[in-house]
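In: With the sequence up front, the predicted model follows.
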Amino acid sequence: MKIPLFKQRAMLKKAEINELKVALTWPENAAEFRLWFGDKVRYGSPTEAIWRQIKGNERGTFAFYQNEELVGFAQAYEKVENGIHLACLIVNPKVRGQGVGRLFVKALLEYAWAQEKIRFITLNVYPENTPARLLYNSLGFKEVSDNQDMIAMSLRERK
């Protein structure tokens, strides 16, 4: 029996390397992995190497739990002054299409807007990642540029 989303317990917390290790099992192949990490992180790299490369201890690195199960992993960090950048965002494939990604991104946005002086939030997405693009557009992100085969998106401060 599925529990309605509004009755499920969701929690955003600072991620540790163990959570990255679990999340690394979610992409089934290099193409899926690329949608999550881009071209800079090599598919099949050891967890510790990826953690160092994404600066897991230095950046805002988050795990998203639902009913005490890890269902999401992402980063939200100040990449440029007054802006939070969302990166490495992945949702466990077994819960995709159930609204978990929306809850996860909303939790990341809540975290970002709570930071002092933050005026905008950015992210990059591959053009072929249609579900992610639709989600980000529905949450108010605007496509601002198309560079290096990725689409840059931005969400301006709420008025």
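Out: Cool, the structure landed. Quick caveat: nothing in here was measured; it's all calculated off a predicted structure.
In: where exactly do the helices run in this structure?
Out: Per DSSP state H, the chain carries helices over the ranges 17-23, 30-37, 47-53, 100-114, 130-138.
In: now the longest one and helix 130-138, what's the angle there?
Out: Regarding helix 100-114 and helix 130-138, their directions subtend 40 degrees when assessed with axes from the mean of the first three to the mean of the last three Cα atoms, to 10 degrees.
In: Show me what helix 100-114 is packed up against.
Out: Contact here means 3 or more Cβ pairs under 8 Å, 6 or more residues apart in numbering; DSSP states H and E; on that basis helix 100-114 packs against strand 10-14, strand 61-66, strand 69-80, strand 83-91, strand 120-125, helix 130-138. C-beta: built from backbone N, CA, C; applies to glycine.
In: Mean neighbour count added to these, as a markdown table?
Out: Output for the helices and strands packed on helix 100-114, formatted as a markdown table (neighbours: other Cβ atoms under 10 Å):
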| stretch | mean neighbour count |
| --- | --- |
| strand 10-14 | 14 |
| strand 61-66 | 22 |
| strand 69-80 | 19 |
| strand 83-91 | 22 |
| strand 120-125 | 20 |
| helix 130-138 | 15 |
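In: now these in TSV, with mean pLDDT?
Out: What follows is those, written out as TSV (pLDDT from 0 to 100):
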stretch	mean pLDDT
strand 10-14	91
strand 61-66	96
strand 69-80	95
strand 83-91	96
strand 120-125	96
helix 130-138	95
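In: ok, and which of the helices of the chain has the densest surroundings?
Out: Mean neighbours per residue, mean count of other Cβ atoms under 10 Å, is largest over the helices of the chain for helix 100-114, with a mean of 18.
In: chain center to it, what's the gap?
Out: Centroid separation for helix 100-114 versus its chain: 9 Å, with Cα atoms, centre = their mean, to the nearest Å.
In: Repeat that for stretch 127-138.
Out: The chain centroid and the centroid of stretch 127-138 are separated by 13 Å under Cα atoms, centre = their mean.
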